[in-house]
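Chemist: What follows is a protein structure lacking sequence information:
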């Protein structure tokens, strides 16, 4: 019995199921996220960032410490702790789109 | 239904797709070297795609890139198309998981197109190819357009904020105009997801699709133009597949 046609059938439906299920799942997660075709749909990046130290505050570009800036980066989860280590700041204050009150991350 | 998996169609559109996508893969591989050189600099924050994955350094990434370029060359010229295509898809796909900064939707789409073209195996001298990978390519394009539209159904996008933030600096529009552009883009993407399948709407859909992609490239700011141009080429390269006439599909002899 030839197995190749059956492998084709399995691949076809598995591929289709994955390509529909993953973007559908991503629709119900905070935007934007990856593997969901959510290009330019939203941004999880701060618009302004300040490093807070005993000597005062210093504004840095959101591009700072980032190699390739993308609107879907998990900035709060990964960038803030590492910027703390790299900059020796006491805390990081940052503004997110559509929010009037800045957030603060304690190093 | 099962005859679908033995149906074959003329290969010419798929061979042309293979060459275009192969050239895009080569160009994109060169661009990937530039992006990686920025991401792997000392003092740059790393963004793991998944924390259980091993951390890849510059040396390992360069090996992946070398395999990427070699397999892309073979794929483009038609050497061992299925094998080179699968290797190319694997290497491009692997780079997507190295770091969030290396994820690009257009690269993800490119990976999927290469994978499916490899499954169709359009050698240079092929007269026909299997239809089911071609059907998956068409469905993939509709999936991209549909979910791109659905993901834009949020206040941040529909307010026009995202378009305003990404338009060229020389272009200034009122919030109402930006919002109208945003809503229009959603309608256009939903239209394209379905219209390409309609014999009556297919030609207008092609014109509208070309116009939409051209507008994105012309209106948005330089930092994202290259990504949008590649995305446009990848999408538009799939349009000819919708013109393979039903009568041309026939069962494998």
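Modeler: Everything's here; your move. As the structure is a computational prediction, the values presented were derived from the model and not from experiment. Numbers count the residues shown, from 1 in each chain, chains lettered A, B, ... in the order given.

Chemist: Setting aside sequence neighbours, what's the nearest residue to the residue in the stretch 1-150 of chain B positioned nearest to chain A?
Modeler: Closest approach of the stretch 1-150 of chain B to chain A (CB to the nearest CB) occurs at residue B:39, with a separation of 3.6 Å. C-beta coordinates here come from the backbone N, C-alpha and C atoms, glycine included. Nearest-residue entry for residue B:39: residue A:67, 3.6 Å, with adjacent residues in sequence omitted and distances by CB to CB, 6 or more residues apart in numbering or on different chains.

Chemist: Doesn't that neighbour lie inside a helix?
Modeler: No: residue assignment for residue A:67, taken from DSSP: H, G, I helix; E, B strand; the rest coil, gives coil, which places it outside any helix.

Chemist: What's the per-residue pLDDT of it here?
Modeler: Taken from the predicted model, the pLDDT recorded for residue A:67 is 92.

Chemist: Tell me how many other residues surround it.
Modeler: Here the number of neighbours of residue A:67 (other CB atoms under 10 Å in any protein chain shown) works out to 20.

Chemist: any chance you could map the helices in the stretch 1-150 of chain B?
Modeler: Per DSSP state H, counting those that start in this stretch, the stretch 1-150 of chain B carries helices over the ranges B:12-39, B:58-77, B:81-95, B:105-120, B:131-151.

Chemist: Next: chain A.
Modeler: Remark: helices assigned in chain A by DSSP state H are A:4-27, A:80-87.

Chemist: surely the residue of the stretch 1-150 of chain B closest to chain A meets residue B:95?
Modeler: No: no contact is recorded between residue B:39 and residue B:95 when judged using CB atoms under 8 Å, the distance being 10.5 Å.

Chemist: Who has more neighbours out of these two?
Modeler: Neighbours were counted for residue B:39 and for residue B:95 using other CB under 10 Å; residue B:95 has more, 23 against 20.

Chemist: does that one really touch residue B:102, like I thought?
Modeler: Yes: taking contact to mean CB under 8 Å, the distance of 5.6 Å between residue B:95 and residue B:102 places them in contact.

Chemist: Mind listing the shared neighbours of the two?
Modeler: With contacts taken as CB atoms under 8 Å, 6 or more residues apart in numbering or on different chains, residue B:95 and residue B:102 have residue B:32 as neighbours in common.

Chemist: ok now do the residue in the stretch 151-253 of chain B that chain A sits nearest to, which residues does it touch?
Modeler: When distances are taken as CB to the nearest CB, the stretch 151-253 of chain B approaches chain A most closely through residue B:151, which lies 3.8 Å from it. For residue B:151, the contact set (CB under 8 Å, 6+ apart) comprises A:23, A:26-27, A:31-32, A:36-38, A:41-42.

Chemist: and if you look at residue B:92?
Modeler: Under the criterion of CB under 8 Å, 6+ apart, the contact list for residue B:92 reads B:25, B:28, B:68, B:107, B:110-111, B:114.

Chemist: tell me which parts of the stretch 51-200 of chain B are close to chain A?
Modeler: With CB under 8 Å from any CB of the partner chain as the criterion, the stretch 51-200 of chain B meets chain A at residues B:100-103, B:105, B:108, B:112, B:116, B:119, B:130, B:132, B:136, B:139-140, B:143-144, B:147-148, B:150-152, B:154-157, B:161-163, B:165-166.

Chemist: Please list only the buried members of those residues.
Modeler: Listed as buried from these are B:100-103, B:105, B:108, B:112, B:116, B:119, B:130, B:132, B:136, B:139-140, B:143-144, B:147-148, B:150-152, B:156-157, B:161-163, B:165-166; burial here means 16 or more other CB atoms under 10 Å in any protein chain shown.

Chemist: Mind telling me which of the helices of chain A the model trusts least?
Modeler: Summarising mean pLDDT across the helices of chain A, the least confident stretch is helix A:80-87, with a mean of 90.

Chemist: Name the residues of it that come out as buried.
Modeler: Within helix A:80-87, the residues scored as buried using 16+ other CB under 10 Å are A:80, A:83-84, A:87.

Chemist: starting at the chain centroid, how far to it?
Modeler: Per CA atoms, centre = their mean, to the nearest Å, the displacement of helix A:80-87 from the mean C-alpha position of its chain is 17 Å.

Chemist: Any part of it near chain B?
Modeler: Yes: for helix A:80-87, a contact with chain B is found by CB under 8 Å from any CB, at A:82-83, A:86.

Chemist: quick one: the spatially most central residue of chain A from chain B, how far?
Modeler: When chain A is reduced to its mean C-alpha position, the closest residue under CA atoms, centre = their mean turns out to be residue A:73, at 2.4 Å. Using CB to the nearest CB, to the nearest Å, one gets 5 Å for the distance from residue A:73 to chain B.
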